[in-house]
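S.K.: Build me a model from this:
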Amino acid sequence: MEKRILGKTGMSVSVLGFGAAEIGYEGATQETVNALVHEALDQGLNAIDTAECYVTSEEMIGNSVSKRRSEYFLFTKCGHADTFYNPAWSKSEIKASVDRSLKRLKTDYVDLLQLHSCSKEILEKGEVVEALQDAQKSGKVRFIGYSGDGQDAHYAVNMGVFDTLQTSVSIFDQEAIELTLPLAIEKNMGVIAKRPIGNAVWRFPSRPDNSYVVEYWERMRALGYDFLDGSAESIGARALRFTYSVAGVHTMIVGTKVPGRWRSNATLLEKGPLSESEMSAIRDQWKQVAKSHNWVGQV
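M.R.: You can find the predicted model right below:
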């Protein structure tokens, strides 16, 4: 699998990474996670991204592949205790979060610790950055990053203290392409694209009840890309190759709890980047429609 250097970190990461939110939120079994992650590592994937608040995700990853620790780069996130809706931004809370994550992941360090959707107001106080830097000095963390979107992400990138940016980039979420990615490139930050296929919302024939995906489903309907009339596989290929083609993106975090999906996603990328005309068509349609809807990056 193709690898790219993750900015100033120097880590050579696979262009496809394992996003571990789904295995937690969708209640995957340990047996399923074992099959998923081992298969992904066997096929050349070497980046795993999780977070403390992804239910049992960290624990299942630790149980599954901690014995293969030298074969992958491990990313996690902090700033929430137990659930995403329970913020925990003090230095003591972040320290405790890091220690819990290491225990669950069955490792003594993570390659990347990211602030998880931290607001500009919290960032301005400075305590969260100091907490990450303390974890780095202690050897528990190799690099520090910011995960988020919109103006909060722009402020974080502009601070110049983070090694990486994880942000939403997809055919349904393109604000970052102009707002944050150029600045991240300028600062030689590693860029991790989350939701690179926009939650594959074309799977839903009618408006989904799931609040996590409904925004992208509505955007899909409004954008009306011509290729949305194709098969699910062809749509997925166009979506994944779009994010793969965006300047500055080093790795794309794709979540699934379906064994075998990694091989199919890797196969889609074998066609290479989209052509200039294909990229322009998607970008032009986005710019025209997004402006009238005031769409911003989705946290």
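S.K.: Wait, residue 222 touches residue 291, no?
M.R.: No - Residue 222 lies out of contact with residue 291 (Cβ atoms under 8 Å); the separation is 11.6 Å. Where C-beta positions appear, they are placed from N, C-alpha and C, glycine not excepted.
S.K.: So these two - more neighbours on which side?
M.R.: residue 222 (13 against 9; other Cβ atoms under 10 Å).
S.K.: which SSE is that one in?
M.R.: helix 211-223 (DSSP states H and E).
S.K.: Kindly report the same for residue 58.
M.R.: Short version, using DSSP H and E: residue 58 is in helix 57-65.
S.K.: can I get the CA coordinates of that helix in CSV?
M.R.: Extracted as CSV, the C-alpha positions of helix 57-65 are listed here (Å, rounded to 0.1, in the frame of the first residue of the first chain):
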residue,chain,number,x,y,z
SER,A,57,-12.4,1.0,20.8
GLU,A,58,-9.1,1.5,22.6
GLU,A,59,-9.5,-1.6,24.7
MET,A,60,-10.4,-3.8,21.7
ILE,A,61,-7.4,-2.5,19.7
GLY,A,62,-5.1,-3.2,22.7
ASN,A,63,-6.5,-6.7,23.0
SER,A,64,-6.1,-7.3,19.3
VAL,A,65,-2.8,-6.0,18.1
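S.K.: Show residues contacting it.
M.R.: 20-21, 23-24, 28, 30, 33-34, 37-38, 41, 48, 50-52, 71-72, 76, 101, 104-107 (Cβ atoms under 8 Å, 6 or more residues apart in numbering).
S.K.: And it, how far out from the chain middle?
M.R.: 18 Å (Cα atoms, centre = their mean, to the nearest Å).
S.K.: for that helix, what is the average pLDDT?
M.R.: The pLDDT scores in helix 57-65 average 94.
S.K.: likewise stretch 145-163?
M.R.: 97.
S.K.: Now the terminal residues of that stretch, how far apart.
M.R.: Taking Cα to Cα, to the nearest Å, the first and last residues of stretch 145-163 lie 5 Å apart.
S.K.: now do stretch 221-234
M.R.: Start-to-end, stretch 221-234 (Cα to Cα) is 17 Å.
S.K.: cool, and stretch 167-183?
M.R.: Counting by Cα to Cα, you get 13 Å between the two ends of stretch 167-183.
S.K.: in it, what counts as buried?
M.R.: 167-177, 179-181, 183 (16 or more other Cβ atoms under 10 Å).
S.K.: Chain neighbours aside, what residue packs nearest to residue 162?
M.R.: residue 146 (4.7 Å; Cβ to Cβ, 6 or more residues apart in numbering).
S.K.: wait, isn't that neighbour in contact with residue 158?
M.R.: No - proximity of residue 146 to residue 158 does not meet the contact threshold set by Cβ under 8 Å, at 10.6 Å.
S.K.: higher neighbour count, the two?
M.R.: residue 146 (30 against 12).
S.K.: Now, the buried residues of stretch 167-183 that are in strands?
M.R.: Among these, the members falling in strands (DSSP state E) are 167, 168.
S.K.: Compute the number of surrounding residues for residue 115.
M.R.: 26.
S.K.: give me the element it is part of.
M.R.: Here residue 115 is assigned to strand 110-116, by DSSP H and E.
S.K.: what number of residues lie near residue 2?
M.R.: 14.
S.K.: Kindly report the same for the one 5 residues further on.
M.R.: Other residues near residue 7 come to 24 when the count uses other Cβ under 10 Å.
S.K.: residues contacting it?
M.R.: 163, 164, 184, 188, 189, 190, 191, 250.
S.K.: can you tell me how far it sits from residue 163?
M.R.: Using Cβ to Cβ, to the nearest Å, we find residue 7 at a distance of 7 Å from residue 163.
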